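Enquirer: Build me a model from this:
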Amino acid sequence: MSAKVISVNVSEKKGIRKKPVAEIEVKESYGIEGDAHASSAWHRQVSLLAMESIQKMRDKGLDVSPGDFAENITTEGIDLISLPVGTRMGIGSSVVGEVSQIGKECHNRCAIYYQAGDCVMPKEGIFITVLKGGKIRAGDTVEVLP
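Expert: Below you'll find the predicted structure:
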């Protein structure tokens, strides 16, 4: 099975669940147009979380879906946390990102933790910087680049 995008998600504010949308516009050295986390000033421009991680939370009895852990891109079929920082990945027909951080420290329990009951993003989410922009939608491929 090849890796693919399950959902693309955005929010206007930080610290809340993201809403699935039909398509996202990803800008080079910035992130996703209209998303609270987009910024040229930092290295966590776009967040990714695997559907397999969301399924782990569902298996614990949580009613969670893509976007509920504030990830921008929900993937399937790729082991995101095994990708070292510096790994380049192609998403869709044109977007190229570079892994900039694996997981994140949660200093306190955010709104997502209280809404969902647990959070996998700190342990299993990854972040990329955008090297080449373009559009991404559900169904697009995700591949590790040489």
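Enquirer: all contacts plus neighbour counts: C-alpha atoms, from now on.
Expert: Will do.
Enquirer: Spell out, range by range, the helices that occur in this structure.
Expert: 51-59, 111-116, 121-124 (DSSP state H).
Enquirer: what ranges do the strands span in the protein?
Expert: 4-10, 19-21, 23-27, 31-32, 46-50, 73-76, 88-91, 95-102, 126-132, 134-137, 142-144 (DSSP state E).
Enquirer: Kindly reformat those as CSV containing mean pLDDT, distance to Pro66 and mean neighbour count.
Expert: Supplementary listing: the strands of the chain in CSV, determined by pLDDT from 0 to 100; distance: least, C-alpha to C-alpha, whole Å; neighbours: other C-alpha atoms under 10 Å:
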stretch, mean pLDDT, distance to Pro66, mean neighbour count
strand 4-10, 98, 6, 23
strand 19-21, 97, 7, 18
strand 23-27, 98, 14, 20
strand 31-32, 96, 17, 28
strand 46-50, 96, 9, 26
strand 73-76, 98, 6, 25
strand 88-91, 98, 17, 21
strand 95-102, 96, 19, 22
strand 126-132, 97, 15, 23
strand 134-137, 98, 13, 19
strand 142-144, 97, 16, 18
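Enquirer: Contact partners for Leu48?
Expert: By C-alpha atoms under 8 Å, 6 or more residues apart in numbering, the contact list for Leu48 reads 71-75, 80, 125-128.
Enquirer: on that earlier part again, now distance to Asp63 too, for the strands of the chain, in TSV please.
Expert: Formatted as TSV, the strands of the chain follow (distance: least, C-alpha to C-alpha, whole Å):
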stretch	distance to Asp63
strand 4-10	17
strand 19-21	15
strand 23-27	24
strand 31-32	26
strand 46-50	16
strand 73-76	16
strand 88-91	28
strand 95-102	25
strand 126-132	22
strand 134-137	23
strand 142-144	26
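Enquirer: what about these, which gets the closest to Ser40?
Expert: Closest approach to Ser40 among the strands of the chain is made by strand 31-32 (7.6 Å; C-alpha to C-alpha).
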